[in-house]
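Visitor: Pasted the sequence and its predicted model underneath.
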Amino acid sequence: MKHTATRREFLRSSAALAATTLPNWFLDRCRAEPEAEGPKSKNDTPGIALVGCGGMGRGDLKNAARFGRVVALCDVDEGHLAAAGKDWPDAARERDFRKVMERKDVDVVVCGTPDHWHTLVSLAAMRAGKGVYCEKPLTLTVGEGKLLVEAQKKTRRVFQTGSQQRSDKNFRLACELVRNGRLGKMKEVHVWLPSGRREGPFNKSSVPKGLDWDMWAGPTPAVDYVPQRTHVTFRYWWEYSGGTMTDWGAHHNDIARWALGHDGPVKVSGKSLVEMIPNGFTASSEYDVEYTYADGVIQRCRSTPANAWNGAVLDPKGQQHGVKFVGADGWIFVTRGKIEASDPDLLKQELPGSATRLYASNDHMGNFFECVRTRKPTVADTEVGHRSVVVCHLGVIAMRLGRALSWDPAKEKFVGDAAADTWLAREPRKPWSYEAV
């Protein structure tokens, strides 16, 4: 896929002077911020359970174990349970997440399941009185996010969405500079996401021993087992995810929204750029989506041919995935491990003491456990996780419908478009329901 730069973008890029390290004034401020602390005593070690023991879940649990005791592991795949059990041999093992919620020794649940299970597991945990750290993207639909926001308000449980870029210094600096007008009047935001996988056709096969396929599918439609539907590649099927639009978009679109300070856009249009292979992955692998915000700022979200698991891979024109903010007075580009600007002084000049400061977190998991102790809101609670993935969901709906849509961020409905509203929620496959977990 090729991206055509405008003349203005080309001139700005060719004249850019990169500043790839954080300025001293911001580093000094970060050093003065308190660091996340581990348990202070044996009585200050919350019991942690992991639901979803794949690679991402196990990584999250190793991170969480700095702050508590691992007491339970849960997965529908015996292979994943066994792998996690090697690291935590004393932890109880469960195949049904509802058993985890019944345990009195579990204070915190880490949800590392595929996307289509995030909402049911998180609802069950909050209703059982547990704190929740849930991987991004928070939900599979807009409707699910509204349920989680309501549940957190009702249960008052501490919740953290795994959008860890909110706890990254580069991203916070970029967002604070945009919020405080460092770029002048904002004009455009460009978000580049890794493209997905376009593969197939795939053949059904026998369910592997040790995998409860019906439980894995859970609330989604019953289909024949296909190996590519599970584990790492689940994210390339509309049934279980939104492709890289929700997978990586939950990171970079979240940063765009954090910087702009909006609940969401008022217009969205989008299109898939390739036809997917019949009987293969269904989620669009290449796409181009445009959002319009109430103040006129345009956000364009595009896929690049980058590998979804390597943030350093560039497309043929050298475009790394990340976020570029463009204003009347210059631009700032930020991605993992790098921040640069059209003029280094845009970063080096210290913000005044009266400037708006965003939530300071330098350790995403540490922030969660600190809030478990203090009962303060986390840097990425349900409202944050929901609002940011809604941006991604809107892009998915627009590309699947192939037409422009108007959106009301306050009512969280499309404007005068009942047909589009039917895409905001999905009915869970029985016997699963949002009320019964």
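Guide: Noted; the coordinates are in hand. Numbers count the residues shown, from 1 in each chain.
Visitor: Can you give the domain ranges for this structure?
Guide: Domain ranges of the chain: 7-31+168-353+382-421, 42-165, per automatic domain parsing.
Visitor: Out of the ones you listed, flag the one nearest Tyr434.
Guide: Across the domains of the chain, Tyr434 has its closest neighbour in domain 42-165 (5.6 Å, C-beta to C-beta). Where C-beta positions appear, they are placed from N, C-alpha and C, glycine not excepted.
Visitor: for the record, mean pLDDT for the closest one?
Guide: Per-residue pLDDT over domain 42-165 has a mean of 97.
Visitor: Begin at 51 from now on, thanks
Guide: With 51 as the first residue, the last one maps to domain 92-215.
Visitor: returning to what we had before: dump the domains of the chain to TSV, plus mean neighbour count.
Guide: Shown next, in TSV, are the domains of the chain (neighbours: other C-beta atoms under 10 Å):
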stretch	mean neighbour count
domain 57-81+218-403+432-471	18
domain 92-215	21
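Visitor: same for whatever helix or strand Phe76 lives in, what does it pack against?
Guide: Here Phe76 sits within helix 74-82, counting by DSSP states H and E. For helix 74-82, the elements it packs on are helix 219-229, judged by 3 or more C-beta pairs under 8 Å, 6 or more residues apart in numbering; DSSP states H and E.
Visitor: got the contact list for the following helix or strand past the helix it packs on?
Guide: Sequence-wise, the next helix or strand downstream of helix 219-229 (DSSP H and E) is strand 236-244. Strand 236-244 has contacts (C-beta atoms under 8 Å, 6 or more residues apart in numbering) with 228, 294-295, 298-299, 302-303, 306, 309-310, 345, 347-354, 356-359, 363, 365, 369-378.
Visitor: and those, which of them are in strands?
Guide: Using DSSP state E, the subset of the contacts of strand 236-244 located in strands is 348-354, 372-377.
Visitor: returning to what we had before: pLDDT of the helix holding Phe76, averaged?
Guide: Mean predicted confidence for helix 74-82 is 94.
Visitor: quick one: that helix to helix 219-229, angle?
Guide: 120 degrees (axes from the mean of the first three to the mean of the last three C-alpha atoms, to 10 degrees).
Visitor: Now do stretch 382-392: distance from first to last residue.
Guide: Start-to-end span of stretch 382-392 (C-alpha to C-alpha, to the nearest Å) is 7 Å.
Visitor: Output the contacting helices and strands for the longest helix seen in the chain.
Guide: The residue-count maximum for a helix in the chain (DSSP state H) belongs to helix 432-451. With contacts taken as 3+ C-beta pairs under 8 Å, 6+ apart, helix 432-451 sits against helix 192-205, strand 209-211, helix 294-297, helix 299-310, strand 317-322, strand 337-342, strand 455-458.
Visitor: thinking again about what came up before, quick check: which of the domains of the chain is nearest to Asp413?
Guide: Here domain 92-215 is closest among those (C-beta to C-beta), at 9.1 Å.
Visitor: Quick one: distance of that closest one to the chain centre.
Guide: Offset of domain 92-215 from its chain centre (C-alpha atoms, centre = their mean, to the nearest Å): 16 Å.
Visitor: Excluding covalently adjacent residues, which one is nearest to Thr342?
Guide: Lys317 (4.0 Å; C-beta to C-beta, 6 or more residues apart in numbering).
Visitor: swap that for Arg229, please
Guide: Per C-beta to C-beta, 6+ apart, closest to Arg229 is Thr406, 5.1 Å.
Visitor: Now for that neighbour: which residues touch it?
Guide: Thr406 is in contact with Glu226, Arg229, Asn230, counting by C-beta under 8 Å, 6+ apart.
Visitor: Redo the residues you listed as JSON lines? Include pLDDT and distance to Val158.
Guide: Output for the contacts of Thr406, formatted as JSON lines (pLDDT from 0 to 100; distance: C-beta to C-beta, whole Å):
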{"residue": "Glu226", "pLDDT": "98", "distance to Val158": "30"}
{"residue": "Arg229", "pLDDT": "98", "distance to Val158": "32"}
{"residue": "Asn230", "pLDDT": "98", "distance to Val158": "35"}
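Visitor: quick one: which of these is nearest Ser334?
Guide: Ser334 lies nearest to Arg229 out of those, by C-beta to C-beta, at 31.6 Å.
Visitor: Does that closest one touch Ile382 like I think?
Guide: No. Using C-beta atoms under 8 Å, Arg229 makes no contact with Ile382, being 11.7 Å away.
Visitor: any idea how far Arg79 is from the spatially closest residue to Trp75 that is not a sequence neighbour?
Guide: Spatial nearest neighbour of Trp75, chain neighbours left out: Glu400 (4.0 Å); criterion: C-beta to C-beta, 6+ apart. Per C-beta to C-beta, to the nearest Å, Glu400 is found 9 Å from Arg79.
Visitor: if we can go back for a sec, tell me the first helix or strand C-terminal of the helix holding Phe76.
Guide: Following helix 74-82 toward the C-terminus (DSSP H and E): strand 97-101.
Visitor: Just the C-alpha atoms of that following strand, please, in PDB.
Guide: Extracted in PDB, the C-alpha atoms of strand 97-101 (Å, rounded to 0.1, in the frame of the first residue of the first chain):
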ATOM      1  CA  GLY A  97      -3.800 -12.000  45.800                       C
ATOM      2  CA  ILE A  98      -3.600 -12.000  41.900                       C
ATOM      3  CA  ALA A  99      -5.400 -14.300  39.500                       C
ATOM      4  CA  LEU A 100      -4.600 -14.400  35.700                       C
ATOM      5  CA  VAL A 101      -7.500 -15.200  33.400                       C
END
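Visitor: Any chance of a markdown table for the helices and strands packed on helix 432-451, columns distance to Lys480?
Guide: As requested, the helices and strands packed on helix 432-451 are exported to a markdown table (distance: least, C-beta to C-beta, whole Å):
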| stretch | distance to Lys480 |
| --- | --- |
| helix 192-205 | 17 |
| strand 209-211 | 27 |
| helix 294-297 | 25 |
| helix 299-310 | 28 |
| strand 317-322 | 31 |
| strand 337-342 | 33 |
| strand 455-458 | 30 |
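Visitor: and Thr95, which of these is closest to it?
Guide: Going by C-beta to C-beta, the one of these nearest Thr95 is strand 209-211, 18.1 Å.
Visitor: Mind listing residues that contact that closest one?
Guide: 172, 176, 181-184, 186, 188, 198, 202, 414-415, 417-418, 421, 428-432, 434-435.
Visitor: Would you convert the domains of the chain into TSV that also reports distance to Val487?
Guide: Converted to TSV, these look like this (distance: least, C-beta to C-beta, whole Å):
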stretch	distance to Val487
domain 57-81+218-403+432-471	10
domain 92-215	4
